[in-house]
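**Q** The following block contains a protein sequence and its predicted model.
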Amino acid sequence: MRSVIDERGDASIVDDAMRRLVVCWQHPLTRAIEPIGLLSSDDETFRFEYLARASEVEGFRPLLGFPEFASSYESKELFPFFAQRVMDPRRPDFARYLQELAVEESESTPWELLARTQGKREGDTILLYPVPRQTGDGWHWVYLVHGIRHLMTKSVPLGSDSVGPYSHEELETILSELSQGDVLELYPEPSNEWSDSAMLVLDAKGRPFGYVPDLLLEPIHSAMFDGKLHNVVEKVNGPEAGWHLRVLVRAKSADADGLDLLAAEKFKLATSQ
């Protein structure tokens with residue numbers, strides 16, 4: 001256990017014993033994002049286990065190095081399948097990469113980089129999402145805003161009006177006006193073509209610029225229902241970072257039912273059956 005100071009200056013107790021990332025697979029045709037596994041670490045051992053639902057996800061096959069759905073895999077080092085998703089610190093652009101992710105060099109562990117980047121690789125179908133962590137003053141998590149560039153191809157409803165599609169210049173203007181610490185709003189888009197639970201991310205002027213990641217929709221809906229959700233900009237990057245790294249958000253909920261993401265039935269482990 002260790003004490004930290006949060007963004008308000010309050011001390012809280014953080015349990016460092018276990019960190020978790022939900023491993024998801026994106027269907028190459030439908031683009032549906034399916035949770036299929038859980039990667040965890042206690043700073044001494046890494047563990048990967050499939051979710052019970054993984055064997056029933058249409059089109060999904062076991063990941064390289066993890067052939068059996070019902071097995072638990074452990075290693076003292078990060079598994080190669082996930083380690084290859086972390087930028088090599090010897091690369092000349094590594095320092096810039098850390099800046100884009102708002103990560104100090106002293107904290108740039110492979111795990112932290114996986115959590116910040118979602119382990120995303122160009123043309124890949126695997127994504128990793130950090131599980132919200134409970135501390136002495138509530139739940140905390142960090143996420144990248146999704147679907148930013150899609151707002152140049154569609155309009156979205158906001159109340160009785162609609163916004164978009166943006167031109168490239170309009171979207172870049174919105175992103176350029178975001179600053180670290182800006183408070184963000186979330187707005188439902190039930191008419192979304194992919195999910196009726198979709199949630200838009202809005203800036204302080206009420207302008208949408210992207211979406212909450214699908215995996216976090218359930219806990220975020222729960223926190224919003226309780227009225228205790230706080231989203232702020234953690235980091236904004238320029239176009240050179242790529243669309244998926246443009247905006248990093250830090251979320252916090254003082255107290256909300258449903259934020260224990262892994263308590264949901266769909267996150268039951270195959271090894272627990």
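**A** Here it is on my side, so go on.
**Q** where do the helices sit along the stretch 151-273 of the chain?
**A** 168-176, 217-226 (DSSP state H, counting those that start in this stretch).
**Q** Just the CA coordinates for the first one, please, in PDB.
**A** Included here for helix 168-176 are C-alpha records, laid out as PDB according to Å, rounded to 0.1, in the frame of the first residue of the first chain:
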ATOM      1  CA  HIS A 168     -10.700  18.500 -40.900                       C
ATOM      2  CA  GLU A 169     -10.000  22.100 -39.900                       C
ATOM      3  CA  GLU A 170     -13.000  22.300 -37.600                       C
ATOM      4  CA  LEU A 171     -12.000  19.200 -35.700                       C
ATOM      5  CA  GLU A 172      -8.400  20.300 -35.400                       C
ATOM      6  CA  THR A 173      -9.600  23.600 -34.000                       C
ATOM      7  CA  ILE A 174     -11.600  21.800 -31.300                       C
ATOM      8  CA  LEU A 175      -8.700  19.600 -30.400                       C
ATOM      9  CA  SER A 176      -6.200  22.500 -30.300                       C
END
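**Q** Packing partners of that helix?
**A** strand 208-211 (3 or more Cβ pairs under 8 Å, 6 or more residues apart in numbering; DSSP states H and E). Where C-beta positions appear, they are placed from N, C-alpha and C, glycine not excepted.
**Q** How far off centre is the strand it packs on?
**A** When distances are taken as Cα atoms, centre = their mean, to the nearest Å, strand 208-211 is centred 14 Å away from the chain's centroid.
**Q** Likewise for stretch 131-140?
**A** 15 Å.
**Q** Give me the buried positions along that stretch.
**A** Neighbour counts over stretch 131-140 (16 or more other Cβ atoms under 10 Å) mark 131-133, 137-140 as buried.
**Q** For the stretch 1-150 of the chain, which segments count as strands?
**A** Under the criterion DSSP state E, counting those that start in this stretch, strands of the stretch 1-150 of the chain are mapped to 2-5, 11-14, 19-26, 33-41, 46-50, 72-75, 126-130, 133-135, 138-144.
**Q** Partner strands of the fourth one and their direction?
**A** Think strand 33-41. With DSSP bridges as the test, strand 33-41 is paired with strand 19-26 (antiparallel), strand 46-50 (antiparallel).
**Q** okay, these in a markdown table with mean pLDDT next?
**A** Putting those into a markdown table (pLDDT from 0 to 100) gives the following:
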| stretch | mean pLDDT |
| --- | --- |
| strand 19-26 | 91 |
| strand 46-50 | 96 |
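**Q** and of the ones you listed, who's closest to residue 176?
**A** With Cβ to Cβ as the criterion, residue 176 lies closest to strand 19-26 of the strands paired with strand 33-41, at 29.2 Å.
**Q** what angle do that closest one and strand 126-130 make?
**A** 150 degrees (axes from the mean of the first three to the mean of the last three Cα atoms, to 10 degrees).
**Q** what about strand 19-26, distance to the chain center?
**A** Distance of strand 19-26 from its chain centroid, counting by Cα atoms, centre = their mean, is 9 Å.
**Q** do stretch 25-43 as well
**A** In this view, stretch 25-43 has its centroid 11 Å away from the chain centroid, taken as Cα atoms, centre = their mean.
**Q** how long is it end to end?
**A** End-to-end span of stretch 25-43 (Cα to Cα, to the nearest Å): 25 Å.
**Q** Would you agree residue 118 is in contact with residue 124?
**A** No: using Cβ atoms under 8 Å, residue 118 is not in contact with residue 124; the gap is 10.3 Å.
**Q** Could you point out which of the strands paired with strand 33-41 sits nearest residue 244?
**A** strand 19-26 (12.6 Å).
**Q** Please report the number of neighbouring residues for residue 218.
**A** Using other Cβ atoms under 10 Å, residue 218 has 15 neighbouring residues.
**Q** returning to that earlier point: may I see the strands paired with strand 33-41 arranged in TSV, with distance to residue 148 as well?
**A** Putting those into TSV (distance: least, Cβ to Cβ, whole Å) gives the following:
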stretch	distance to residue 148
strand 19-26	17
strand 46-50	30
